[in-house]
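[1] Pasting a predicted model and its sequence here:
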Amino acid sequence: DIVDSLRLHPEESKFIIERQKRFLSQLYNEESPEELSTEELFLAHLVRFDKTEGTKIRPDLENLVGALEFDANRRGRTILSRELKQYIDYNVVSYINISSKLLNVNDSSKPSLIAISRAGFIIDYLFDLREDIALGYVNIPLEDIEKYGIDLTDFGDDAMRAWLKNKMESLR
């Protein structure tokens, strides 16, 4: 929400992301951070939980910040399938890992939770496709654009409908 907001210029988004990366590093290195925003206070609580409970969620927190950075850097360009998969995994797997540690959920159920969350994440970006493209975020991999012959300016054409149908079928 921070990165793809219409209210922020891309340079402002990048500044916020760099601040988040620095802040996360400071928390783990027990350095005193600058003044805190609400989001940073939440992050500080997660880091304190990790350090107190030994949950080892730092890589997941770093992946979430990395997903924000990826979003900021991809604005206005088409992405590859592997990039979209990694972006989805950074979000989905990290959230499930962190939530599982917070809620003390058994690891044996994580694969199912990840699969369900991945499907929900994909449905969400498909639902927001038109708006995201208008913001400069094309969540259709270049390979699929070429394979289906998708015209990003025509959401009603047969190629776009075929691609959407295929994506929804694969989620079933």
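    Cool, the structure landed. Numbers count the residues shown, from 1 in each chain.

[2] quick one: pLDDT of residue 4?
    We have a pLDDT of 46 for residue 4.

[3] Likewise for residue 139?
    In this model, residue 139 is scored at 90, pLDDT.

[4] now do residue 124
    pLDDT, residue 124: 92.

[5] Now the strand or helix carrying it - C-alpha only, CSV.
    Applying DSSP states H and E as the criterion places residue 124 in helix 110-127. This file holds the C-alpha atoms of helix 110-127, laid out as CSV (Å, rounded to 0.1, in the frame of the first residue of the first chain):
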residue,chain,number,x,y,z
LYS,A,110,2.1,-24.6,6.6
PRO,A,111,2.2,-26.1,3.1
SER,A,112,-1.6,-26.0,3.0
LEU,A,113,-1.7,-22.5,4.4
ILE,A,114,0.9,-21.4,1.8
ALA,A,115,-1.1,-22.9,-1.1
ILE,A,116,-4.3,-21.3,0.1
SER,A,117,-2.6,-17.9,0.7
ARG,A,118,-0.9,-18.1,-2.7
ALA,A,119,-4.2,-18.6,-4.4
GLY,A,120,-5.7,-15.7,-2.5
PHE,A,121,-2.8,-13.5,-3.4
ILE,A,122,-3.2,-14.3,-7.1
ILE,A,123,-6.9,-13.8,-7.0
ASP,A,124,-6.4,-10.4,-5.4
TYR,A,125,-3.9,-9.2,-8.0
LEU,A,126,-6.2,-10.5,-10.8
PHE,A,127,-9.1,-8.6,-9.3
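
[6] Can you show me the helices along this protein?
    Assigned helices in the chain, in chain order: 10-28, 38-53, 58-74, 81-103, 110-127, 129-135, 142-148, 158-171 (criterion: DSSP state H).

[7] how about the nearest residue to the residue nearest the centre of the chain, chain neighbours excluded?
    In the chain, the residue lying closest to the centroid (CA atoms, centre = their mean) is residue 91, at 4.1 Å. Distance criterion CB to CB, 6 or more residues apart in numbering; nearest residue to residue 91, sequence neighbours excluded, is residue 67 at 5.2 Å. For the C-beta atoms, the positions are set from N, CA and C on the backbone; glycine is no exception.

[8] and the one you found, what does it touch?
    Contacts for residue 67 (CB atoms under 8 Å, 6 or more residues apart in numbering) come out as 87, 90, 91, 94.

[9] are any of those residues buried, and which?
    Among the contacts of residue 67, those classed as buried by 16 or more other CB atoms under 10 Å are 87, 90, 91, 94.

[10] how far away is the first one from residue 104?
    Looking back up the chat, that one is residue 87. Remark: distance between residue 87 and residue 104 (CB to CB, to the nearest Å) = 28 Å.
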